[in-house]
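# Take a look and give me a structure for this.
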Amino acid sequence: MIIDSHSHAWEFWPYEPPVPDHNSRGLAELMLWEMDRNGVDQAVLVCARIEHNPENNEYVHDVIRRHPDRFIQFADVDCSWSDTYHTPGAAARLRQAAERYELKGFTHYLKADTEWFASDEGLAFFEMAAELKLIASLALGPAWQPALQELARRFPTVPFLCHHMAGARVGDDERLARITASAAVPNIYIKMSGFHYAAPATWEYPYHDTHDVVRGLYDAFGADRLCWGSDYPVVRTHMTHQHALEAFRTHCTFIPEQDRSKILGSSLQRLLEAAGPAT
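Numbering: from 1, shown residues only. From the prediction side, this is the model:
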């Protein structure tokens, strides 16, 4: 079983510069074709209601309806680009989204206001996540890690899943140390996605220069708390879907094959089975 922890789907391509196939490049059907071609069984669709896609939660919900065995929705709830970002009522909006989309998880992109985790609104938000048994998929930089550690200790039943190696970068040992310190908290997990973000040269597949970062995360968190992700279709700017898979599966040979198998699927599968409403 291979499960992609981090992918997207949009009706309209949201990024600059414009592309000639803006009405198709982000569609879930292309993702499904890549998954079938490369042997990926399921994928989490991380919703992002960004440029041209204010209804992305609804679009992805319809994708799930059409392909319930292949995709899992993590809805965008109060992400950093939204008008409701860290405004009162976050917990109620999370409940509403969880019930509307029958969620196992949600995504929340953050700015620089690290104090929000400890605010009354922030605590109520994650108390709701705990009540609903949701996975919290978070886009946050290393500066958030101390606040995340405190939050995760306060809500030990909530799995906190950090995007794209939690912002680790090649050659920045201080940044990596900040991230690996969070391994002391057992419900903090890392997505092994975004090799191109971690690397100084974003196009040099197979990204051998990232291996010290990957090894550092593996040594700290272990295979049970790492989850591979493709970042498709955004990753197409740097490499193909197959490259995103093989950068880890084929080229991170310093991780034993049994542990690579966990990171490719079973680690996330365990979280999904315990999360949210029964399907």
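# can you count the residues close to the residue nearest to residue 208 when sequence neighbours are not counted?
Using C-beta to C-beta, 6 or more residues apart in numbering and skipping the chain neighbours, the partner closest in space to residue 208 is residue 251 (7.0 Å). Using the backbone N, CA and C atoms, a C-beta is placed for each residue, glycine as well. Counted by other C-beta atoms under 10 Å, the residues lying close to residue 251 total 17.
# again, but for the one 5 residues further on
The number of residues packed around residue 256, counting by other C-beta under 10 Å, is 11.
# From residue 250, how far off is it?
14 Å (C-beta to C-beta, to the nearest Å).
# And residue 23, by the same measure?
Residue 23 is 33 Å from residue 250, where distance means C-beta to C-beta.
# Kindly report the same for residue 259.
Distance, residue 259 to residue 250, using C-beta to C-beta: 15 Å.
# Those two: which has the busier surroundings?
For residue 259 and residue 250, the more surrounded residue by other C-beta under 10 Å is residue 259, and the numbers stand at 16 against 12.
# Just the pLDDT at that one, thanks.
Note on residue 259: pLDDT of 98.
# Contact partners for the residue lying closest to it once chain neighbours are set aside?
Sequence neighbours aside, residue 223 is the residue nearest to residue 259 in space, at 3.6 Å (criterion: C-beta to C-beta, 6+ apart). Applying C-beta atoms under 8 Å, 6 or more residues apart in numbering to residue 223 gives the contacts 255, 258-260, 262-263, 267.
# what helices or strands is whichever strand or helix holds residue 75 leaning on?
Here residue 75, judged by DSSP states H and E, is contained in strand 71-76. With contacts defined as 3 or more C-beta pairs under 8 Å, 6 or more residues apart in numbering; DSSP states H and E, the packing partners of strand 71-76 are strand 42-46, helix 56-66, helix 90-101, strand 105-109.
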